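Undergrad: Sequence plus predicted model, see below.
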Amino acid sequence: MNPLKISYLFFILVAVSCQKSKPSYQSKPDAVRDLLVDRISWKPQPAGNRTGIQRNEHTFSITNTSREHGYRQIQVRFDYYDAHYHRIGTEHVTLPQSLEARSMVAILPIQVGTANPLTTSATVRIERAVSE
């Protein structure tokens, strides 16, 4: 076989084997990755008709950054911190709202648990959700 043909054949094999396969843009659902919590507000509020008792009131929004997956039964965790940033309490809530892909929902004020008088700040975190 001619050396030119061998080098040509080698070049073709290398070119074919080096081609990238089509990337797959399908991602697996991951609520912790896809759901962004922002516009967070926390404050202790009186608990309805119960005098002297305060509850943790939270307002926030959740944005679904996924292009493919919607979510429902979104479970969030509220962590409460004292003035030294030590966690002093935690509450879990499952939200009734559903989120389609690339959408946002505002969570109106919800009251959760009894407020600890030592609490100075709170955070909201997505724990899990069911993908649609």
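TA: That came through, no problem.
Undergrad: buried residues in the strand or helix carrying Gln54?
TA: Using DSSP states H and E, Gln54 falls within strand 50-64. Buried residues in strand 50-64, counted by 16 or more other Cβ atoms under 10 Å: Gln54, Arg55, Asn56, Glu57, His58, Phe60, Ile62, Thr63, Asn64. C-betas here are computed from N, CA, C, even on glycine.
Undergrad: any idea how far the most centrally placed residue in the chain lies from Phe60?
TA: Nearest to the geometric centre of the chain sits Leu35, at 2.9 Å (Cα atoms, centre = their mean). Going from Leu35 to Phe60 by Cβ to Cβ, to the nearest Å gives 11 Å.
Undergrad: all helices for this protein, in order.
TA: Ranges of helices within the chain are 3-17, 31-34, based on DSSP state H.
Undergrad: how about the CA coordinates for stretch 82-102, as CSV?
TA: Provided in CSV are the C-alpha atoms of stretch 82-102 (Å, rounded to 0.1, in the frame of the first residue of the first chain):
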residue,chain,number,x,y,z
ASP,A,82,-29.0,34.3,67.7
ALA,A,83,-26.8,37.4,67.8
HIS,A,84,-23.6,35.2,67.6
TYR,A,85,-24.9,33.4,64.5
HIS,A,86,-25.4,30.1,66.4
ARG,A,87,-28.4,28.2,65.1
ILE,A,88,-31.0,28.0,67.8
GLY,A,89,-33.9,26.5,66.0
THR,A,90,-35.2,24.9,62.8
GLU,A,91,-38.7,24.4,61.3
HIS,A,92,-39.7,22.5,58.1
VAL,A,93,-42.7,23.4,55.9
THR,A,94,-44.0,21.9,52.7
LEU,A,95,-45.5,24.6,50.4
PRO,A,96,-48.7,23.9,48.4
GLN,A,97,-47.5,26.0,45.4
SER,A,98,-46.3,24.4,42.2
LEU,A,99,-43.6,26.0,40.0
GLU,A,100,-43.4,25.5,36.2
ALA,A,101,-40.0,25.6,34.5
ARG,A,102,-38.6,29.2,34.3
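Undergrad: ok, and what's touching that stretch?
TA: 35, 56, 62, 64-81, 105, 107, 110, 112-113, 116, 118-121, 127, 132 (Cβ atoms under 8 Å, 6 or more residues apart in numbering).
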